[in-house]
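Peer 1: Have a look; sequence and predicted model below, questions after that.
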Amino acid sequence: MTELILIRHGETDWNRELRFQGHVDVPLNATGHEQARRLAERLATEKMVAHHLVCSDLIRTQETAAPTLQALFPQLRIDTLTDSSLREQSFGIVDGKRVDDIKVEHADAWNQWLRFEADYGMPGGETTRQFHTRVMDAVRRIAQQYQGRKVMVVTHGGVLDMIWRTARGTGLDGPRQSDIPNAGLNRVRVDGDAVEVLDWADVRHLADLPAQPVYDQKKLVVR
């Protein structure tokens, strides 16, 4: 078995604007950098054991991982620890666009998106099923490579949603059901194809920071 310590990247300006970030390389904002700093401080203070770190190749995850890397893995370089298979879902033509703009510019695609069907993807992007396959292939590969160890994985909200759905057996249709805060701590145990949630959405280290922006799919779903 392998334990994964899963972390969503810190806040970006595009999180605040409710933009689809997807594969666009967006840096952290000031709050995101503070979240990353506090995360690293907590991990160091609690002397959390981790044997390795890996993150998405997008800048927002690398900037989130950097303080933790300095605190726990000072001998490693971030550019040797990136994995593109841990990227956020690709949203094709709407990558980088705000929800309000998508509703106007791509109304048909948006209305179809609101059905949250596993085999639909925004034009030019990935379907949820394709995304899920990519994510879980990466999770199993990392778990096998570091079998019996603890690995810190800094990634994206959509990636964590795919892992949570797999662990809970909820299927890929329907809106996101789990809380996935920026810079929160989540822990799962991976044993072959089985994934078990040990802890989820722990944000005690962020308690007095501004409230996080929330993209609540449950409020958007077409019934």
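Peer 2: Arrived safely, thanks for sending. Residues are numbered from 1 along each chain as shown.
Peer 1: Helices of this structure, start to end?
Peer 2: Residue ranges of the helices in the chain, as given by DSSP state H, are 13-16, 30-45, 59-72, 99-105, 107-113, 128-145, 157-168.
Peer 1: List just the one of those helices that sits closest to Ser90.
Peer 2: Closest to Ser90 of the helices of the chain is helix 128-145 (C-beta to C-beta; 7.7 Å). All C-beta atoms are positioned from the backbone trio N, CA, C, and that covers glycine.
Peer 1: Skipping its backbone neighbours, what lies nearest Val159 in space?
Peer 2: Spatial nearest neighbour of Val159, chain neighbours left out: Val135 (5.2 Å); criterion: C-beta to C-beta, 6 or more residues apart in numbering.
Peer 1: do you know which of the helices of the chain lies nearest Leu209?
Peer 2: helix 30-45 (6.5 Å).
Peer 1: Point to the residue nearest the middle of this protein.
Peer 2: By C-alpha atoms, centre = their mean, the chain has its centre lying nearest to His156, at 1.9 Å.
Peer 1: Mean confidence (pLDDT) on the biggest strand by length in the chain, please.
Peer 2: Longest among the strand segments of the chain by residue count, using DSSP state E, is strand 194-202. Mean pLDDT, strand 194-202: 98.
Peer 1: what's the answer for stretch 169-189, then?
Peer 2: Here the average pLDDT along stretch 169-189 is 96.
Peer 1: Give me the neighbour count for Pro74.
Peer 2: 7 (other C-beta atoms under 10 Å).
Peer 1: can you tell me which residues contact it?
Peer 2: Shown in contact with Pro74 (C-beta atoms under 8 Å, 6 or more residues apart in numbering): no residues.
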